[in-house]
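# requesting a structural model of the entry that follows:
(2 chains)
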Amino acid sequence: MFSLLQEAATTAVGQSDGAVVVDDTATSNVVVTGTEGVRPGVGQDVEAVGLPQLDMTTFGNQIFWLIVTLVVLYLVLSRVALPRIAAVLSDRQGAVTGDLMAAEEFKMKAREAEAAYDKALADARTEAQAIVAQNRATIQGQLDAAIAKADAEIAARTAESETRIREIRVSADASAREVARDVTAELVRSFGGQADEATISSALDGRMKGAVQ
Amino acid sequence: MATEATGGGLEFHPMDQFVVRPLFGDGAVAWYTPTNVTLWLALTALAAIALLVMGTRGRAIVPNRAQSVAEMAYGLVYKMIEDIAGKDGLRYFPYVLTLFMFVVFANLLGLVPMAFTVTSHIAVTGVLALAVFFGVTIIGFVKNGAHFLDLFWVRSAPLAVRPILAVIEVISYFVRPLSLSIRLAGNMIAGHAVIKVFAGFAAIAAVAPIAIVAVIGMYAFEVLVAFVQAYVFTILTCVYLKDALHPSH
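Prediction:
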């Protein structure tokens, strides 16, 4: 793969060295004229000789700095980053678990509250029914008493009225009898008869019997 | 490949991006010289620290974006070790996560234009792979003693075949660091070099649109490769760790 690339590069540049060694004149030409030749970002003044990866002279440098980097990275990650992330993750786990438990608790409470509410409702209903029944009984008693009292009063009034009506009837009877005697006596006198009080009264009594009830 | 080249302007330097050079001046590269490798190693470490330390600064129960990504990376590697190597593999979680974060950020930062890809160097990936190899071998012998050698003695196979299998197992065991390092470095070198070659073709007006589309396509593919290779490196580390902790087949 790489040898292919190198060949391509070599062909393109027009050098026939058989390696990617570009001589100084070509380099300076490109640098000075700045033509369309693509210059890699790195190595503005350094040309790759073969594979730079195989240049053993730089190995010590790379390995030294790599070990420094790895040690620093390891220390920072293991001392600072990992405990922090682990703490955050366990905190979150705890928070989630706690929230779930709290939710469960609230659910239980809600259920209890519902039961209590239902119970209170039922209690209130029975109590209301009891009060209604009691009131109804009280009112019924009062009503009965009032009806009885009213009945008694009505009976008394009726009796009183009857006596008065009888009295009135008696007095009316007496008055009618007197008027009838007087009229009869006067009639007898005007027809030239002799008004005998006793005769008139007996005749009147006979006629009046049953007339005035 | 480049026969359409008409002028003298077409040049390919696919390998220049891998050259190790000092950051300051033009001197020789001694072991302590700060080089572009040093710079990009430092940026890799800083990027990993930025994500995992700065990103989780809020310690929020409901994470923000950076914290989510950090937790995702943590969870990915944690679950990987737990699933493959088992619970006792979690002792080595910090080191495996360090490896993963290092490789993934080195790969991704290498895709920044003008960047230097540290994981494209066999010296870097070799050290990473050898560290895994020696670490796993030491863990295997410390945890299991001589029973660690059961890894090479396949008891489920017929007795006659076992010696042959043992030879194969031993060879494959010692090839592990080689395959681990060359897989990663090879993927990085190939992808970056191909991008550079396509970019070189963009100098010819006739093929420039194709070349540019190809660069974009390769770049997208390389982003995928950067993740996949980091993942593969880490998952193989976990597999080797599993072998060290539970050597019997």
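
# neighbours around the residue lying closest to residue B:51 once chain neighbours are set aside, how many?
Nearest residue to residue B:51, sequence neighbours excluded (C-beta to C-beta, 6 or more residues apart in numbering or on different chains): residue B:70, at 5.3 Å. The C-beta positions use only the backbone N, C-alpha and C, and glycine is treated the same way. Around residue B:70 there are 24 other residues, counting by other C-beta atoms under 10 Å in any protein chain shown.

# using the three-state scheme, assign residue B:70.
helix (DSSP: H, G, I helix; E, B strand; the rest coil).

# quick one, what contacts it?
A:81, A:85, B:51, B:52, B:55, B:56 (C-beta atoms under 8 Å, 6 or more residues apart in numbering or on different chains).

# among the residues you listed, which are in helices?
residue A:85 (DSSP state H).

# dump the contacts of residue B:70 to TSV, plus pLDDT, distance to residue B:149 and neighbour count.
Shown next, in TSV, are the contacts of residue B:70 (pLDDT from 0 to 100; distance: C-beta to C-beta, whole Å; neighbours: other C-beta atoms under 10 Å in any protein chain shown):
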residue	pLDDT	distance to residue B:149	neighbour count
A:81	93	37	26
A:85	93	38	25
B:51	94	41	19
B:52	93	38	27
B:55	90	44	21
B:56	89	42	25
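
# which of the contacts of residue B:70 sits closest to residue B:212?
residue B:51 (31.4 Å; C-beta to C-beta).

# from residue B:222, how far off is the closest one?
Distance of residue B:51 to residue B:222, computed by C-beta to C-beta, to the nearest Å: 20 Å.

# and residue A:90, by the same measure?
37 Å.

# out of these two, which sits in the busier spot?
residue B:222 (23 against 10).

# just the element for that one, please.
Here residue B:222 is covered by helix B:208-245, with elements defined by DSSP states H and E.

# what distance separates that helix from the centre of its chain?
Distance of helix B:208-245 from its chain centroid, counting by C-alpha atoms, centre = their mean, to the nearest Å, is 8 Å.

# got the phi and psi for residue B:59?
Note on residue B:59: backbone dihedrals following degrees, to the nearest 10 are phi 50, psi 40.

# which residue packs closest to it, ignoring adjacent ones?
Going by C-beta to C-beta, 6+ apart, residue B:59 has residue A:88 as its nearest residue, at 5.2 Å.

# name the SS class of that neighbour, please.
Strictly by three-state DSSP, residue A:88 counts as helix.

# list the contacts of it.
By C-beta under 8 Å, 6+ apart, residue A:88 lies in contact with B:56, B:59, B:60, B:61, B:63, B:67, B:71.

# and stretch A:156-168, what's its mean pLDDT?
Average pLDDT, stretch A:156-168: 94.

# an error on my part: the question was meant for stretch B:88-105.
95.

# go on, stretch A:205-212?
67.

# for chain B, what spans make up the helices?
Under DSSP H, chain B gives helices at B:36-49, B:65-84, B:93-109, B:122-144, B:162-201, B:208-245.

# please work out which of those helices is packed deepest.
The highest mean neighbour count among the helices of chain B, using mean count of other C-beta atoms under 10 Å in any protein chain shown, belongs to helix B:93-109: a mean of 24.

# tell me the angle of it relative to helix B:36-49?
Helix B:93-109 runs at 120 degrees relative to helix B:36-49, counting by axes from the mean of the first three to the mean of the last three C-alpha atoms, to 10 degrees.
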